[in-house]
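Undergrad: Mind folding the following:
(2 chains)
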Amino acid sequence: ILNVEQSPQSLHVQEGDSTNFTCSFPSSNFYALHWYRWETAKSPEALFVMTLNGDEKKKGRISATLNTKEGYSYLYIKGSQPEDSATYLCAFRRNSGNTPLVFGKGTRLSVIA
Amino acid sequence: GAVVSQHPSRVICKSGTSVKIECRSLDFQATTMFWYRQFPKKSLMLMATSNEGSKATYEQGVEKDKFLINHASLTLSTLTVTSAHPEDSSFYICSAIPTLWGQPYEQYFGPGTRLTVT
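TA: Residues are numbered from 1 along each chain as shown, chains lettered A, B, ... in the order given. Predicted structure coming up:
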């Protein structure tokens, strides 16, 4: 059974604060690690796909790192804004590009103005 | 970016009836689509992998006669919940992988369907 764990489950931060979440996944048969941003009533939006150990990706104020040897990824948000409020999902893909994603439960972020 | 639509977004049906949910890739072709289900406070759980032109592959514990999947074209997969019962009430979401060469494959999601069985 593949387990993808995300922590914390939920987070409340003040506008302007920086924050980070963790995703842990099996380190064997690793293929790719995906991060999604999911707002209520919308489709999950792809943020990053990372495949190589040591990968670092950045999109605006959001960045992510990947450690495939120890099986974890961090997502960072710098200077949080209310529009960053969403659930952030981490998903692990093993073996190949056509295998299904295995998801964590997500981290629910609320940014208070 | 790639768009996946899902219809309907919400459906309420009576126990014993069947409900069909459509998943369409709007601006790309998808040989492979996935159907997920989300229970409250749980992660998205894979139900089945839908391959165009062939039978779907179901995850352990998912009844294939209960959840009929048809992937008849490269842009459409349907999930039919047959003889629905209240315990089938859930959030169903589909995703699609573009038929591309190269790695890694991105996976695009629909907005989901909230099914309530009364």
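
Undergrad: separation between the most centrally placed residue in chain B and A:Gly79?
TA: The C-alpha lying nearest the average C-alpha coordinate of chain B belongs to B:Trp35 (CA atoms, centre = their mean; 3.4 Å). B:Trp35 sits 37 Å away from A:Gly79, going by CB to CB, to the nearest Å. No exception for glycine: its C-beta is placed from N, CA and C like everyone else's.

Undergrad: same question, B:Thr17
TA: In terms of CB to CB, B:Thr17 sits 50 Å off from A:Gly79.

Undergrad: what does chain A put close to chain B?
TA: A:4, A:31-32, A:34, A:36, A:41-44, A:46, A:49, A:51, A:89, A:93, A:97-98, A:100-106 (CB under 8 Å from any CB of the partner chain).

Undergrad: Would you mind checking these for buried ones?
TA: A:4, A:31-32, A:34, A:36, A:43-44, A:46, A:49, A:89, A:93, A:97, A:100-106 (16 or more other CB atoms under 10 Å in any protein chain shown).

Undergrad: residue boundaries of the strands in chain B?
TA: Remark: strands assigned in chain B by DSSP state E are B:4-7, B:10-13, B:19-25, B:32-38, B:44-51, B:57-58, B:67-73, B:76-81, B:90-97, B:108-109, B:113-117.

Undergrad: Turn those into CSV, columns for distance to A:Leu66 and mean pLDDT.
TA: Shown next, in CSV, are the strands of chain B (distance: least, CB to CB, whole Å; pLDDT from 0 to 100):
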stretch, distance to A:Leu66, mean pLDDT
strand B:4-7, 26, 95
strand B:10-13, 37, 96
strand B:19-25, 28, 96
strand B:32-38, 23, 93
strand B:44-51, 21, 92
strand B:57-58, 28, 94
strand B:67-73, 32, 92
strand B:76-81, 31, 96
strand B:90-97, 21, 93
strand B:108-109, 21, 92
strand B:113-117, 32, 96
